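Engineer: Sequence plus predicted model, see below.
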Amino acid sequence: MFLNYLIKRLISAVFVLFGISTLVFLLIHLVPGDPIEVMLGETARPADREALRHALGLDLPIFQQWWEYLKGIARFDLGESLHSKQAVSQLLLERLPATVILSVASLFIAIVMALPLGILAAVYKDSIWDRLAMVSAMFGVSVPNFVMGPLLILVFALWLGWVPVSGKEGLSSLILPALTLGSALAAILSRMIRASMLEVLQEDYIRAARARGLSEFRVLVLHALRNAALPVITILGMQLGALLAGAVITETIFSWPGIGQLMIDSIQKRDYPVVQACVLLISFTYVLVNLMTDVTYTSLDPRLKLES
């Protein structure tokens, strides 16, 4: 059963990635701007431009370029950068660890912030703690990354001088970008935890656990939180894709040398192979995370069955 489900999901993932890669390929070739002009400048001679265009294969019909691109993906060959002449896979491997570190740190911050806020708001419903938690969550949801990032830089880097403004200079330089990414996710998770906990706390088995004399901590953690986690895991899986998308903006703001900054730089230079590879990598990660979310769902609740 599980193997059949996994095979079906993998096949659908292949079609999703095919559609995304094709769409990105077409869009980036339709965007105004010429990579040859970016590389040689506006003063280059027409003969030099045509020679470089031919050398890079950009003079081929767009369908033929697309077909060569798909054949490269099938061979796990993402091509080479138009500017640095490095293999695109090598560029991704150089930048990927920084993005993974930022994403893991942001996820950790989000969970650490969301769990106590959501549980506190549910246990003390309609109290001052509930209102403070929900106001904090509303603030986190409402403020986008491109606003939150500069605000944190202004307060903690420029006014207080506690952390570096940007760059990757040790653990201290990770704090602000991780907090920028994690705060939005924490806001969404805390609201979901509160709603799910409020529903679970009304169930009969919670009253039975309390009647057996279990401590409130054990009731909340072992009984309520475990059952309330199911919808939270779904939201978390969906938001991890948004976390990667937000990393593009956050890495640019903080000059964090990850996949997001690489993609923005490549878009500005019209470096087609690198942009396509970055989007493909983010899409693959999103599909993989969603598959892992479904599998985790069933391990937490045996009543659920994997279905196509």
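Structural biologist: Yep, that arrived.
Engineer: Could you chop the chain up by domain?
Structural biologist: In the domain annotation for the chain, the residue ranges read 17-74, 95-300 (automatic domain parsing).
Engineer: Any stretches of this protein with poor pLDDT?
Structural biologist: In the predicted model, the chain carries pLDDT under 70 at residues 1-2, 33-34, 38-42, 297-308.
Engineer: And for stretch 90-105, what's in contact with it?
Structural biologist: By Cβ atoms under 8 Å, 6 or more residues apart in numbering, the surrounding residues in contact with stretch 90-105 are 78, 81, 84, 168, 174, 177-178, 181-182, 240, 243-244, 247, 250-251, 256-262, 274, 277-278, 281. (Each C-beta comes from the backbone N, C-alpha and C, glycine too.)
Engineer: make that stretch 130-143, sorry
Structural biologist: Everything outside stretch 130-143 that qualifies as a contact, by Cβ under 8 Å, 6+ apart, is 117-118, 120-122, 124, 151, 183-184, 186-188, 190-191, 194.
Engineer: let's see it at 7 Å
Structural biologist: 117, 120-121, 124, 183-184, 186-188, 190-191 (Cβ atoms under 7 Å, 6 or more residues apart in numbering).
Engineer: Of the residues you listed, just say which sits nearest to residue 229.
Structural biologist: Lowest distance from residue 229 to the contacts of stretch 130-143 (Cβ to Cβ) belongs to residue 190, with 13.6 Å.
Engineer: how near is the closest residue to residue 223 other than its chain neighbours to residue 276?
Structural biologist: Spatial nearest neighbour of residue 223, excluding adjacent residues (Cβ to Cβ, 6 or more residues apart in numbering): residue 209 at 5.1 Å. Summarising the geometry, the distance separating residue 209 from residue 276, computed by Cβ to Cβ, to the nearest Å, is 53 Å.
Engineer: Look at those two and report which has more neighbours.
Structural biologist: With other Cβ atoms under 10 Å as the criterion, residue 209 and residue 276 differ in neighbour count, and residue 276 comes out ahead with 25 against 19.
Engineer: quick one: what helix or strand has that one in it?
Structural biologist: Here residue 276, judged by DSSP states H and E, is contained in helix 272-300.
Engineer: Which other helices and strands does that helix contact?
Structural biologist: Applying 3 or more Cβ pairs under 7 Å, 6 or more residues apart in numbering; DSSP states H and E, one finds that helix 272-300 contacts helix 2-30, helix 88-123, helix 226-253, helix 259-269.
Engineer: Is it possible to get JSON lines of the ones you listed that adds distance to residue 144 and mean neighbour count?
Structural biologist: Formatted as JSON lines, the entries for the helices and strands packed on helix 272-300 read as follows, by distance: least, Cβ to Cβ, whole Å; neighbours: other Cβ atoms under 10 Å:
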{"stretch": "helix 2-30", "distance to residue 144": "23", "mean neighbour count": "13"}
{"stretch": "helix 88-123", "distance to residue 144": "15", "mean neighbour count": "19"}
{"stretch": "helix 226-253", "distance to residue 144": "8", "mean neighbour count": "19"}
{"stretch": "helix 259-269", "distance to residue 144": "15", "mean neighbour count": "21"}
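Engineer: and stretch 166-180, which residues are buried?
Structural biologist: 166, 168, 173-180 (16 or more other Cβ atoms under 10 Å).
Engineer: Can you give me the end-to-end span of that stretch?
Structural biologist: Start and end residues of stretch 166-180 are separated by 13 Å (Cα to Cα, to the nearest Å).
Engineer: Other residues contacting that stretch?
Structural biologist: Outside of stretch 166-180, the residues that reach it under the criterion Cβ under 7 Å, 6+ apart are 98, 101-102, 105-106, 109, 145, 148-149, 152-153, 156-157, 163-164, 250, 254-257.
Engineer: What of stretch 199-211?
Structural biologist: Applying Cβ under 7 Å, 6+ apart, the set of residues contacting stretch 199-211 from outside is 122, 219, 223-224, 227-228.
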